[in-house]
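>>> Here is my input, please return the structure:
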Amino acid sequence: MLWNLNIVWALCLILLPCAALAQTGSLFQRVSLPADRKPMFALQPALDAPVTRGNGSLFVGQGGLSLFAPLAGRQPEHGPSLPGIRLSGKESNVERIRHLIALAEAGSKGYDAVQYGAKIRPTKPPTSMTIAEIYDWIDATPGQPHAIGRYQFIPKTLRALVKRLEVDPKTQFTPAVQDLLADSLLADAGLHRLHEGEIGRHKFMKNLAKIWAGLPTSTGLSYYHGHAGNKATMTWAFFEAEMSKIFPG
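This is a model prediction of the structure:
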């Protein structure tokens, strides 16, 4: 009987945080796909993946550098000169974080952004491509950067997330799909733990900066500053101000 109670208690500890987050309608939403597409099953992002610099982590890329590459002309912005994020107030916390990341990573190109260093670009906008077509573009153009989409996924990250979330490569790289993949990384960064009060806002911000090189650390510099041209594209003061609107206190 004691063994059975221990199992029930363990299941409660696992399921309660997930149920709480599911109420926000963010990390566990499914993407509506056309009838001829394979649905996405088993959407279970890692809730607390360790932030390490080992080969098994999604937080590191080739050569131990950032998973995400900077875009052309994205110079560091300074406080008042960088426009705030204008939202209707109805967005979830996850949507607000996504907007902030996109501001740092993709600029005006948004979901159709392609890393500036790619000399051979896709023949059509990323949102019009399937994931398989993106893989084909990557394989056909070795030796150049391939960061793509609103969240500037590099090949290693894209393939890992697609596998993790069991997304059919024939799925179109739509905004909804890109958001889905990004949400899994937000879970890795500790979003559940932040909601549960297990980590603070600054710890979560540092974790985000370990994923997206355009975001600053508390030093004002990118976590990957100086590596392969990476640099923060917004100030810490701006990052902190926007995050404090999402997570006050």
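>>> Roughly how far does Asp112 sit from Gly197?
To Gly197, Asp112 is 37 Å away according to Cβ to Cβ, to the nearest Å. Every C-beta, even on glycine, is put in place using the N, C-alpha and C of the backbone.
>>> Settle it for me: which of the two has more neighbours?
Using other Cβ atoms under 10 Å, the more surrounded residue of Asp112 and Gly197 is Asp112, with 19 against 8.
>>> OK, contacts around the more buried one?
Contacts for Asp112 (Cβ atoms under 8 Å, 6 or more residues apart in numbering) come out as 125-127, 149.
>>> Setting aside sequence neighbours, what's the nearest residue to it?
Leaving aside its chain neighbours, Asp112 sits nearest to Pro125 (4.3 Å; criterion: Cβ to Cβ, 6 or more residues apart in numbering).
>>> Over to Gly214. Which of the three states is it?
Put simply, Gly214 is coil when judged by DSSP: H, G, I helix; E, B strand; the rest coil.
>>> tell me the contacts of the closest residue to it other than its chain neighbours?
Excluding its sequence neighbours, the residue lying closest to Gly214 (Cβ to Cβ, 6+ apart) is Ala104, at 3.4 Å. Residues in contact with Ala104 (Cβ under 8 Å, 6+ apart) are 74, 212, 214-215, 232-234.
>>> what are the phi and psi angles of Ala104?
Note on Ala104: backbone dihedrals following degrees, to the nearest 10 are phi -80, psi -30.
>>> Roughly how far does it sit from Asn207?
14 Å.
>>> any idea how far Glu196 is from Val177?
27 Å.
>>> swap that for Ala176, please
27 Å.
>>> Same check on Ser184?
Taking Cβ to Cβ, one finds Ser184 at 18 Å from Glu196.
>>> And these two? Which one has more around it.
Neighbour totals were compared for Ser184 and Glu196, and Ser184 leads with 21 against 14 (other Cβ under 10 Å).
>>> Moving C-terminal from whichever strand or helix holds that one, which element do we reach first?
Remark: Ser184 resides in helix 175-188, with elements defined by DSSP states H and E. Per DSSP H and E, the first helix or strand lying C-terminal to helix 175-188 is helix 191-195.
>>> Can you mark which positions in the helix or strand following that next one are buried?
Using DSSP H and E, the helix or strand that follows helix 191-195 in sequence is helix 201-211. Neighbour counts over helix 201-211 (16 or more other Cβ atoms under 10 Å) mark 204-211 as buried.
>>> Whatever helix or strand Leu103 lives in vs helix 201-211, what angle?
Using DSSP H and E, Leu103 maps to helix 93-105. On the basis of axes from the mean of the first three to the mean of the last three Cα atoms, to 10 degrees, helix 93-105 is oriented at 50 degrees to helix 201-211.
>>> could you give the angle of the following helix or strand past helix 93-105 to helix 175-188?
Going down the chain from helix 93-105, the next helix or strand is helix 131-140, by DSSP H and E. If you take the same axes, to 10 degrees, helix 131-140 sits at 80 degrees to helix 175-188.
>>> if we can go back for a sec, so which of the contacts of Asp112 wins on neighbours?
Gly149 (28 neighbours).
>>> In contact with that residue, which residues?
Residues in contact with Gly149 (Cβ under 8 Å, 6+ apart) are 106, 111-113, 126, 173, 178.
>>> swap the cut-off to 7 Å and go again
By Cβ atoms under 7 Å, 6 or more residues apart in numbering, the contact list for Gly149 reads 111, 113, 126, 173, 178.
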